[in-house]
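S.K.: The following block contains a protein sequence and its predicted model.
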Amino acid sequence: MTNRSRLPVIVGVHQITDQSSQPENARGPKALMAAAARGAAMDSGAPDILKEIDGLTVVRQFSDTLPRFTSPFGRMENPPWSVAREIGCSPNELLYTTAGGHTPQIVVTRFCEEIAAGRLSCALLVGAEALRTQHAAQKKGIVLDWSEAAPAPPKSFGVEQPSFSALEEKYGLNAAIYGYPVVEQTIRHHRGLSPSEHAHRMGLLMSRLAEVACANPLATRRGPRTAEEIASVSDTNPYIGYPYTRYMNANVFVDQSAAILLCSAEIADKFSVPETKRVYLHGTAAGNDHWFVTERDQMHRSPAVRDVVRRTLARAEIGVNDVSHFDLYSCFPSAIEIACHEIGLSEDDPRNFTVTGGLPFFGGPGNNYVTHSIASMVQKLRSSRNAYGLVTANGSYLAKHAAGLYSTRPIEGPWEHANSDGLQAYLDDIAKAPLTDNVEGAARIESYTLMVRNNVPEKAIIVGRLQDNNQRFLANTSSSDPTLLQSFINQDRVGAEGKVETVDGKCQFILS
């Protein structure tokens with residue numbers, strides 16, 4: 001018989017989106033997280049269950065992740081400690097994750113492992129972003145106070161490592177808004193599409209997200225968006241990092257929070273949580289592609305996504321055709337396109353690939369989006385009994401991957417997770433691209449993106465290959481002439497030939 005004291009189950013979820021509060025009255029990150037936690041307990045039907053929490057993990061805020069989002073209004077010195085105090089629980093374990101959009105799924109998996117091992121009985125995952133309010137307050141000159149001292153700093157959970165290498169930073173490839181477009185160009189080239197053909201295809205893809213967001217009251221962009229509107233460049237929909245327009249980028253300036261409450265089936269029984277509320281993690285796996293995007297020989301592929309999802313589904317002995325609902329990580333089009341290709345899901349599959357509306361239209365609350373996608377999947381599955389729902393999660397520049405398969409179907413026997421065993425060693429053995437620097441000679445462009453401001457290109461970031469030995473290099477153009485840079489938009493430069501020179505320690509690409 002199943003030991004109910006060690007059978008993990010999700011019993012409560014809650015999400016908050018605030019688009020209307022003025023900055024002087026809006027809730028800060030701590031208040032948003034506390035409200036989400038209490039909402040998850042209410043959702044379970046047992047508000048007092050919060051007192052049982054013995055493990056609490058907070059998803060790292062963007063203000064603690066990226067310098068450009070640092071809050072001028074102070075910070076919590078120990079977010080999990082602050083949240084625990086606010087909701088009246090005293091966990092033995094308090095953790096603050098490292099950065100990465102994959103972390104919520106990793107944490108849910110870990111909570112299930114800890115409950116199955118008898119080390120935890122009730123656990124809370126919670127996160128929040130208040131960048132909408134932070135930005136509005138700064139514009140209005142309003143001073144807020146989000147600071148809170150703590151007796152000790154938080155214990156970190158996860159691996160701390162930059163998303164970009166020193167070489168990538170050297171040429172400006174040091175932000176997701178440039179890393180993902182470089183990947184996108186290789187996808188387009190592999191598909192044999194012109195820039196205009198591919199722009200239309202990306203518009204169609206993202207319009208499917210917008211369609212779901214229209215019906216989701218928690219989405220931050222709910223207006224209908226056609227494929228043409230998403231793909232067309234305008235003052236309200238400018239290029240961010242070419243070839244992506246604004247509506248193809250995650251919307252990070254949101255006030256959103258989400259919480260997931262897990263416990264053992266024994267605790268769920270103790271608090272009389274209805275069976276109709278209970279959702280189980282049936283399969284899960286995680287693995288990393290080569291950490292830096294320019295290390296990957298085939299940037300349009302992801303062996304990690306392929307094998308992570310394959311192992312996740314295999315645990316439940318099902319295939320992709322047996323999944324009823326999906327939420328694929330959707331920070332940029334390339335993330336969806338690669339995931340669809342690797343798991344064998346058509347981009348026009350009638351099941352769609354989101355239950356939220358995705359990061360550009362539902363909202364992209366920093367590292368915490370997948371907490372929302374899991375919460376939304378739980379709610380979807382409660383009204384779709386015995387169906388399976390697949391959530392994928394992605395961190396860094398398509399580097400860190402995790403997946404979870406959820407269902408209201410009770411798990412038979414003990415909960416086990418060994419799906420990732422040996423996977424990372426296999427992924428690490430995949431050959432890397434031969435990457436070099438400070439080179440000279442005939443070359444061709446493998447991929448590129450443009451830094452764009454107000455629809456005016458300011459800098460080209462080029463990934464190239466030497467003609468004689470196929471070594472990969474990074475470069476910028478030899479000139480920042482606006483006409484030259486605009487030509488990278490007006491013409492397809494992937495495959496263009498020229499030469500690379502090293503000037504003042506940096507590679508410069510010169511078109512033939």
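M.R.: Now that the structure is in, tell me what you want to look at. Numbers count the residues shown, from 1 in each chain.
S.K.: K506 touches K170, doesn't it?
M.R.: Yes - using Cβ atoms under 8 Å, K506 makes contact with K170 at a distance of 6.9 Å. All C-beta atoms are positioned from the backbone trio N, CA, C, and that covers glycine.
S.K.: What is the burial count for W146?
M.R.: The tally of other residues near W146 (other Cβ atoms under 10 Å) stands at 19.
S.K.: Same question for S512.
M.R.: S512 has 9 nearby residues by other Cβ under 10 Å.
S.K.: quick one, what contacts it?
M.R.: Neighbouring residues of S512 by Cβ atoms under 8 Å, 6 or more residues apart in numbering: 496-499.
S.K.: residues contacting the spatially closest residue to R315 that is not a sequence neighbour?
M.R.: In space, not counting the residues next to it along the chain, R315 is nearest to G283; the distance is 3.3 Å by Cβ to Cβ, 6 or more residues apart in numbering. Residues in contact with G283 (Cβ under 8 Å, 6+ apart) are 311-316, 403-405, 419.
S.K.: do that again at 10 Å, thanks
M.R.: The contact partners of G283, by Cβ atoms under 10 Å, 6 or more residues apart in numbering, come to 309, 311-318, 388, 390, 403-407, 417, 419.
S.K.: and what of A210?
M.R.: A210 neighbours (Cβ under 10 Å, 6+ apart): 203, 219, 221-227, 229-230, 247, 354, 357-358, 360-362.
S.K.: now do 8 Å
M.R.: A210 neighbours (Cβ under 8 Å, 6+ apart): 221, 224-225, 230, 247, 357, 360-361.
S.K.: same thing with Q471?
M.R.: Contacts of Q471 (Cβ under 8 Å, 6+ apart): 434-436, 439, 465.
S.K.: Pretty sure Y96 sits against P80.
M.R.: Yes - with contact defined as Cβ under 8 Å, Y96 and P80 form a contacting pair (5.6 Å).
S.K.: re earlier: closest one to Q22 out of the contacts of Q471, please.
M.R.: Lowest distance from Q22 to the contacts of Q471 (Cβ to Cβ) belongs to L435, with 49.3 Å.
S.K.: Would you check how far apart the nearest residue to that closest one once chain neighbours are set aside and D437 are?
M.R.: Nearest residue to L435 in three dimensions, chain neighbours excluded: R472, at 5.0 Å (Cβ to Cβ, 6+ apart). Distance of R472 to D437, computed by Cβ to Cβ, to the nearest Å: 10 Å.
S.K.: Who has more neighbours out of these two?
M.R.: R472 (23 against 17).
S.K.: Report the contact partners of that one.
M.R.: Neighbour list for R472: 294, 433-436, 446, 463-465 [criterion: Cβ under 8 Å, 6+ apart].
S.K.: If you rank these by neighbours, which is first?
M.R.: V463 (27 neighbours).
S.K.: and H282, what does it touch?
M.R.: 315-316, 388, 405-407, 409, 411 are the contacts of H282 under Cβ under 8 Å, 6+ apart.
S.K.: Wasn't it part of a strand?
M.R.: Yes - per DSSP: H, G, I helix; E, B strand; the rest coil, H282 lies within a strand segment.
S.K.: ok, and the closest non-adjacent residue to Q185?
M.R.: That would be S447: by Cβ to Cβ, 6+ apart, it lies 4.3 Å from Q185.
S.K.: thinking again about what came up before, show me the contacts of Q471 that map onto helices.
M.R.: If you go by DSSP state H, those have nothing in helices.
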